[in-house]
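# Sequence first, then the predicted structure, then my questions.
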Amino acid sequence: MTDSYNQIQQRFFDQLVQALHPEVLIVEKKPFFTIITSAILPFKIHLYGHNIQERIESGMQKTVHIDEDVLMSKYDIILKRILAIALHQKKAYARNTVVARVDKKNTILFLEENHLQGAMPGKYRYGLFLDGELISLAVFSGGRKMPELNIENYRSFELIRFCNKLGYNVVGGISKLLKAFVSDFQPNDIMTYTDKDWSQESTLEKIGFVKKSEIPPLKFWVNGTTRTLIKDEIQYAALQKEFPNGYLKENLGSLKLIQSIK
């Protein structure tokens with residue numbers, strides 16, 4: 001796997017250089033670990049080979065952490081996402097879009113093509129359409145009662161997935177999608193999680209979400225380009241036995257955020 005990974009890593013760097021030109025440079029390259037920076041990227045990129053289990057921090061600087069297996073399995077999504085951030089390709093404004101419900105089939109197709117964590121159809125799905133093209137999507141759970149709050153008829157919903165079509169920067173997109181959902185279901189709050197491997201601070205805080213807690217790092221057993229979440233020591237031992245050529249990986253965890261709806 002390492003030889004092909006080295007080739008993919010070099011292709012990844014070459015394509016960044018081609019798109020961003022001389023602003024891209026490798027700051028540091030060691031066995032199984034590479035740092036990439038650019039004058040027009042708001043973060044460092046850390047690329048981890050299979051021998052690096054834990055994350056290497058960059059102090060206060062924002063960092064995107066990408067593992068070997070993820071780069072190989074989600075190469076196009078990762079490259080396009082980084083270039084969209086750097087180049088702000090195809091900027092669209094939510095005010096010029098139409099919001100509408102999206103069916104399960106098209107939701108799965110859109111997420112598989114545009115979301116790093118893959119498809120999760122949820123229960124309620126809202127999209128933004130520009131000239132008939134789906135360019136932004138939000139997926140919500142069903143309502144959950146919160147008896148521990150001792151508030152009658154209190155309902156909490158989860159924002160399970162959100163993403164724009166790769167290559168688009170949809171200004172005001174998430175706000176418009178949330179507004180449509182809130183209008184239809186009148187939730188008391190909406191909660192969500194953000195992946196700290198990609199963002200140590202959430203932009204959702206700018207639109208009213210509040211950080212409630214941090215979820216500890218998760219451990220995975222990686223076999224080729226397949227990773228399995230490790231839930232306990234018994235499962236961990238079983239994975240090691242079943243996939244002896246696999247290896248352990250650990251992410252940065254996630255942030256839990258909640259927006260209270262008045």
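Received the coordinates, thanks.

# Surely V139 is within a strand?
Yes - assessed by DSSP: H, G, I helix; E, B strand; the rest coil, V139 belongs to a strand.

# got a list of what it touches?
For V139, the contact set (C-beta atoms under 8 Å, 6 or more residues apart in numbering) comprises 107, 111, 120-122, 124-125, 159-162. Heads up, the C-betas are built off the backbone N, CA and C, glycines and all.

# From those residues, list just the buried residues.
107, 111, 121-122, 124-125, 159-162 (16 or more other C-beta atoms under 10 Å).

# Which of those residues scores worst on pLDDT?
Of all these, P121 has the smallest pLDDT value, namely 90.

# backbone phi and psi for that residue, please?
Per-residue torsions, P121: phi -70, psi -20 (degrees, to the nearest 10).

# Pretty sure it sits against I108.
Yes - judged on C-beta atoms under 8 Å, P121 makes contact with I108 at a distance of 5.8 Å.

# Please read off the pLDDT at the residue lying closest to N188 once chain neighbours are set aside from the model.
What sits nearest to N188 in space, not counting adjacent residues and going by C-beta to C-beta, 6 or more residues apart in numbering, is Y154, at 4.9 Å. You'll see Y154 listed with a pLDDT of 90.

# which residues touch stretch 166-186?
76-77, 80-81, 83-84, 88-95, 97, 99, 113-114, 124, 126-128, 135-138, 140, 143, 155, 157, 159, 162, 164, 187, 190, 204, 207, 259, 261.

# Quick one: buried ones out of those residues?
Buried among these (16+ other C-beta under 10 Å): 77, 80-81, 83-84, 92, 94, 97, 99, 114, 124, 126-128, 135-138, 140, 143, 155, 157, 159, 162, 164, 187, 190, 204, 259, 261.
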